[in-house]
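Colleague: what follows is a protein structure lacking sequence information:
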């Protein structure tokens, strides 16, 4: 079993590469749900959906979230009722949220619904929500406002300075079914090149998950989401300082710290490999910009080789 | 105040005619909610919406329900999740149901939401749900099945033989805010040419409404939905026999019985005017096929004149 801690699109690209190397039914993605929100009464799970749409090749090609060939008839009609238009759901996308909301109302767990949705889109690896409980990533801004992650990122376009990040509701949350088993029973635990704070950090904030990673005998190997001091996509550069981390391949490795056995960084950061090694983390340098599936597969292969060498060293 | 008991499209045409004669803000429609259903978790109110869309001139011109220029992106996407496709919601229409469902979940009453929706569509008369409580018209078929009205009419295309009709939940329902006042304080109570069983009958099945009509000092004048022994639209011919009524202008008058002071029938049924009169109901003959607003306005005018003459006779 190959278990991947996953945010959105970066994770989706990585997962697609990985499933070129290993059978999809041996791949489990533990997915962030901190971005989830209830909008217009509908339960929306951006990371789960981005991964599903991406792997099903129905993702919007420019946005890299939402559906390709999307229309916005419902959203435009909703304007007459005075709903806040900052978070717009396309019509195709809305069908997913309608189905999910209905199933949850019927008493199904998010993990069940996630499996149903993935299957409906022909996704052949396992997607596990980090938790079935409702949690929410909240951003406290430097000017003292408390925003849902989507308010910060979508409504405010990620502009406010971030003072701190927390996963609201985490104290009552438990890991989703299969999550701890997937980490403890894994051959390798992989940390996708997702946002360290609001994707991976919020997975780790679910009580029990961090401890399972610390406990697992599997090598834990991550991929840096920072290349040459820049985020590949998203807002990690705005959030890493809020957790006291440097916006660099080394800074993220240091932030994950003892969780990591191995860390894969881009050639652009090759000059910092030694600093990673000095943290006691085995470092590998390769091409991490997953512009096509071949690069993604090669990157996944590098991760698996690094994991194998870490395991071999441990067995010696 | 002109108070109209109303079903769907037939009532909408009649209301449009009436508001050509009297100020819209003096018109109140008490609307059937027995057809309402929860579909995909969304609260759908077919009669309220048909009237709203029709009066706002955004109704689908051929269907005479749902929205003009409608698209079905959400519905087609929902198919992948295996939802029963028999009840299809268009995208524009869906926005109304999403808004309504959200507002009801927030604790708003159906009557409030109905006012909001009507206002959002620029409808300038008052639409009152017969009740804010959830009721459902249920059809018992001759072969013993118990169907929601929409299952009978949409899914089964009105084919099963009908044994009986009831308004489930009526025993716990109370008239919506303003309904009894609109009937008791009316200048005239008008019964639109709607289905006598599953539109008007289900309004009358809400405890208190029939008594208010019996009690009101206003003349009660109806328009026959049957012309020349045929229904103008819908399934009244399948349902009237289930309540022991003849499918004719006279049959419906007899079915309403003592509720009516006046009854307006089509010229095609002129030869039966005497039979109506013999029931103790003042009868007027005119053109009732409301193909355009002029005919509808003339029909409403005939109703108001008949009401005036009934009132004058009563005052003598």
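Modeller: Happy to help now that I have it. Only a predicted model underlies this, so the values are computations on that prediction, with no experimental measurement involved. Residues are numbered from 1 along each chain as shown, chains lettered A, B, ... in the order given.
Colleague: helix/strand/coil for residue A:124?
Modeller: Secondary structure, DSSP: H, G, I helix; E, B strand; the rest coil: residue A:124 is coil.
Colleague: contact partners for it?
Modeller: If you count contacts by C-beta atoms under 8 Å, 6 or more residues apart in numbering or on different chains, residue A:124 has them with A:19, A:24, A:25. Any C-beta I mention is one placed from the backbone N, CA and C, and that applies to glycine too.
Colleague: what's the one helix or strand residue A:98 maps to in contact with?
Modeller: For residue A:98, the host element (DSSP states H and E) is helix A:91-105. Helix A:91-105 is contacted from outside by A:39, A:41-45, A:49, A:52, A:58, A:66-67, A:69-75, A:89, A:110, A:112-113, A:116-117, B:40-42, B:71, B:73-75, B:77-78, B:80-81, B:83, B:91, B:94, using C-beta under 8 Å, 6+ apart.
Colleague: if you look at the residues you listed, which of them are in strands?
Modeller: Among those, DSSP state E puts A:39, A:42, A:43, A:44, B:42 in strands.
Colleague: of all these, which two lie farthest apart?
Modeller: Using C-beta to C-beta, the ones in strands among the contacts of helix A:91-105 span at most 15.9 Å, a distance reached by A:44 and B:42.
Colleague: ok, back up a step: neighbour-wise, which of the contacts of residue A:124 leads?
Modeller: residue A:19 (22 neighbours; other C-beta atoms under 10 Å in any protein chain shown).
Colleague: closest one to residue A:169 out of the ones in strands among the contacts of helix A:91-105, please.
Modeller: Once C-beta to C-beta is applied, the member of those that ends up nearest residue A:169 is residue A:43, at 14.1 Å.
Colleague: ok, residue A:251 to chain B distance?
Modeller: 41 Å (C-beta to the nearest C-beta, to the nearest Å).
Colleague: show the pLDDT at that residue.
Modeller: Note on residue A:251: pLDDT of 97.
Colleague: my guess is it contacts residue A:245. True?
Modeller: Yes: with contact defined as C-beta atoms under 8 Å, residue A:251 reaches residue A:245; the gap is 4.7 Å.
Colleague: next one, pLDDT for residue A:83 please.
Modeller: 84.
Colleague: list the contacts of it.
Modeller: A:40, B:99.
Colleague: give me the spatial nearest neighbour of residue A:71, chain neighbours excluded.
Modeller: residue A:91 (4.6 Å; C-beta to C-beta, 6 or more residues apart in numbering or on different chains).
Colleague: and what of residue A:222?
Modeller: Nearest to residue A:222 is residue A:191, by C-beta to C-beta, 6+ apart, at 3.2 Å.
Colleague: distance between the ends of stretch A:162-176?
Modeller: End-to-end distance for stretch A:162-176: 29 Å, by C-alpha to C-alpha, to the nearest Å.
Colleague: filter the contacts of helix A:91-105 down to the ones in helices?
Modeller: Of the contacts of helix A:91-105, the ones assigned to helices by DSSP state H are A:49, A:52, A:73-75, A:110, A:112-113, A:116-117, B:73-75, B:77-78, B:91, B:94.
Colleague: for the residue lying farthest from the centre of chain A, what are its contacts?
Modeller: Centroid-distance maximum for chain A: residue A:80 at 35.0 Å, with C-alpha atoms, centre = their mean. Counting by C-beta under 8 Å, 6+ apart, residue A:80 touches B:95, B:120, B:121.
Colleague: nearest to residue B:140, of the residues you listed?
Modeller: Nearest member of the contacts of residue A:80 to residue B:140, counting by C-beta to C-beta, is residue B:95, at 34.5 Å.
Colleague: what pLDDT does residue A:236 get?
Modeller: 86.
Colleague: what about it, how many residues nearby?
Modeller: Residue A:236, neighbours per other C-beta under 10 Å, totals 26.
Colleague: that one reaches residue A:193, doesn't it?
Modeller: No: between residue A:236 and residue A:193 there is no contact under C-beta under 8 Å: 9.7 Å.
Colleague: what residues are shared contacts of the two?
Modeller: With C-beta under 8 Å, 6+ apart as the test, residue A:236 and residue A:193 both reach residue A:225.
Colleague: how near is the residue nearest to residue A:314 when sequence neighbours are not counted to chain B?
Modeller: Of all residues beyond its chain neighbours, the one nearest residue A:314 is residue A:219 (7.6 Å), with distances taken as C-beta to C-beta, 6+ apart. For residue A:219, the distance to chain B equals 38 Å [C-beta to the nearest C-beta].
Colleague: and stretch A:247-258, what's buried?
Modeller: Of the residues in stretch A:247-258, A:247, A:248, A:249, A:250, A:251, A:252, A:253, A:254, A:255, A:256 count as buried by neighbour count, 16 or more other C-beta atoms under 10 Å in any protein chain shown.
Colleague: I meant to write stretch A:75-91 there.
Modeller: A:75, A:77, A:78, A:81, A:83, A:87, A:88, A:89, A:90, A:91.
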